[in-house]
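In: next comes the sequence, and after it the predicted model I'd like to discuss.
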Amino acid sequence: QVKLVESGGGLVQPGGSLRLSCAASGRIPASLVMGWFRQAPGKAREFVAGFNWIARSTHFADSVKDRFTISRDNAKKTLFLQMNNVEPEDTAVYYCAARQFTISIREQEYDSWGQGTQVIVSA
């Protein structure tokens with residue numbers, strides 16, 4: 001089982017930036033795929049972005065693809081979600097999730113989840 005720990009959430013003003021981190025530990029498969037999801041109050045959890053460690057490929061939701069980027073620290077098996085030009089609609093609890101082989105936008109296809117980190121975008 002992969003253990004995931006998110007960090008980096010907080011309060012940020014509209015138009016600002018924030019970087020979230022997700023550190024993986026435990027039994028990490030070579031075919032690791034990590035995804036970012038978010039859940040706003042009263043809404044379903046939705047896919048934000050994903051990264052395939054072997055293919056080094058990414059996939060972003062349309063709502064964030066021009067504003068968010070992904071980077072990584074291979075040695076520490078840590079994935080970063082760089083959030084730029086944030087909007088109030090980005091307010092949510094952000095979760096990191098793990099699965100194998102391919103990026104999926106479906107949360108039920110992920111096997112491991114972090115505890116989440118709160119992001120609030122407000123002036």
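Out: Sure thing, it's come through. From a predicted model like this one, the values you see are computed outputs, not experimental measurements.
In: bridged to Val12, which residues?
Out: Beta-bridge pairing for Val12 (DSSP bridges): Val121.
In: what pLDDT does the model give it?
Out: Val12 is assigned a pLDDT of 98 by the prediction.
In: just Val121 next, same as before
Out: Turning to Val121, the model gives it a pLDDT of 98.
In: so what's it up against?
Out: With contact set as Cβ atoms under 8 Å, 6 or more residues apart in numbering, Val121 has these partners: Val12, Gln13, Pro14, Gly16, Val86, Glu87, Pro88, Glu89, Asp90, Thr91. C-beta coordinates here come from the backbone N, C-alpha and C atoms, glycine included.
In: then Phe101?
Out: Listed by Cβ under 8 Å, 6+ apart, the contact partners of Phe101 are Ser31, Val33.
In: and if you look at Arg45?
Out: The contact partners of Arg45, by Cβ under 8 Å, 6+ apart, come to Phe37, Arg38, Gln39, Tyr95, Glu107.
In: quick one, phi psi at it?
Out: Reported as degrees, to the nearest 10, the phi and psi values for Arg45 are phi -70, psi 140.
In: same deal with Gln108?
Out: When quoted as degrees, to the nearest 10, the phi and psi of Gln108 stand at phi -70, psi -10.
In: next secondary structure after the helix or strand hosting Phe51?
Out: Phe51 belongs to strand 46-52 when elements are defined using DSSP states H and E. Sequence-wise, the next helix or strand downstream of strand 46-52 (DSSP H and E) is strand 57-60.
In: now tell me what touches that next one from outside.
Out: Judged by Cβ under 8 Å, 6+ apart, the contacts made with strand 57-60 from elsewhere in the structure are Val48, Ala49, Gly50, Phe51, Asn52, Phe68, Ile70, Ile103, Ile105.
In: what residues sit buried inside it?
Out: Residues of strand 57-60 classed as buried: His59, Phe60 (neighbour count, 16 or more other Cβ atoms under 10 Å).
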